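Engineer: whatever this is, show me its structure:
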Amino acid sequence: MAYVWPWTSLIAQFKFQGQASWARHFALLMQNAPFAADAIEQADALIPIPLSFQRLAERGYNQSLMLSQKLSSKKTHPHSLLRMRHTPAQSSLPRPERLTNLNGAFAVAPLMASKLRGQRVMLIDDVMTSGATLEAAAQVLKQAGASHVCALVFARTPA
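Structural biologist: Residues are numbered from 1 along each chain as shown. Next comes the predicted model:
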């Protein structure tokens with residue numbers, strides 16, 4: 001989806017107003033996007049973008065994890081990727097700062113690194129604006145030996 005009205009409002013309800021039930025509907029739309037079902041099928045692991053402890057405490061749940069579980073609970077690996085530090089929300093930053101805000105923010109869980117080697121990984125997130133979050137996460141997964149990393153998001157900011 002394009003990250004425009006009405007989706008901006010619905011995503012805000014999902015992320016910030018405790019309306020977690022949107023996960024099922026959003027995941028269904030994600031699965032029906034062109035090529036998405038095949039990509040999910042080919043992936044060995046779905047890895048949701050993790051939240052910092054502070055942001056998780058604020059929201060009460062990780063919206064990316066909820067989407068991933070609705071896409072494939074069997075393939076979801078919620079503890080493979082770690083958020084190492086709290087960062088300002090990407091949405092609050094101008095584009096140049098978004099590109100550097102997440103440097104060093106992610107790491108692969110030490111006990112999961114060997115399990116990711118040679119695996120086809122799909123990152124799951126709700127919104128993509130600059131792509132900086134997905135790029136930072138993909139970089140550490142590739143360094144850990146993932147053979148292929150792709151991403152599936154619910155909405156994307158129009159270019």
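Engineer: which parts of the chain are strands?
Structural biologist: According to DSSP state E, the chain carries its strands in the segments 45-48, 81-83, 106-108, 120-128, 148-156.
Engineer: spatially, which residue comes closest to Leu102, not counting chain neighbours?
Structural biologist: Across the structure, with Cβ to Cβ, 6 or more residues apart in numbering as the measure, the residue nearest Leu102 apart from its sequence neighbours is Ala136 (4.0 Å). C-beta coordinates here come from the backbone N, C-alpha and C atoms, glycine included.
Engineer: from Arg117, how far off is the spatially most central residue of the chain?
Structural biologist: Nearest to the mean C-alpha position of the chain, by Cα atoms, centre = their mean, lies Asp125 at 2.6 Å. As defined by Cβ to Cβ, to the nearest Å, Asp125 lies at a distance of 23 Å from Arg117.
Engineer: just to revisit the earlier point, looking at it, the residue nearest to Leu102 is touching Phe106, isn't it?
Structural biologist: Yes: under the contact definition of Cβ atoms under 8 Å, Ala136 touches Phe106, with a separation of 5.6 Å.
Engineer: which helices and strands does the lengthiest helix in the chain pack with?
Structural biologist: For the chain, the longest helix by residue count, based on DSSP state H, is helix 132-143. Using 3 or more Cβ pairs under 8 Å, 6 or more residues apart in numbering; DSSP states H and E, the elements in contact with helix 132-143 are strand 81-83, helix 95-101, strand 106-108, strand 120-128, strand 148-156.
Engineer: touching the lowest-mean-pLDDT helix or strand in the chain from outside, list them.
Structural biologist: Within the chain, no helix or strand scores below helix 95-101, which has a mean of 81 by mean pLDDT, DSSP states H and E. Helix 95-101 is contacted by residues 87-88, 90, 93, 129-130, 132 when judged by Cβ atoms under 8 Å, 6 or more residues apart in numbering.
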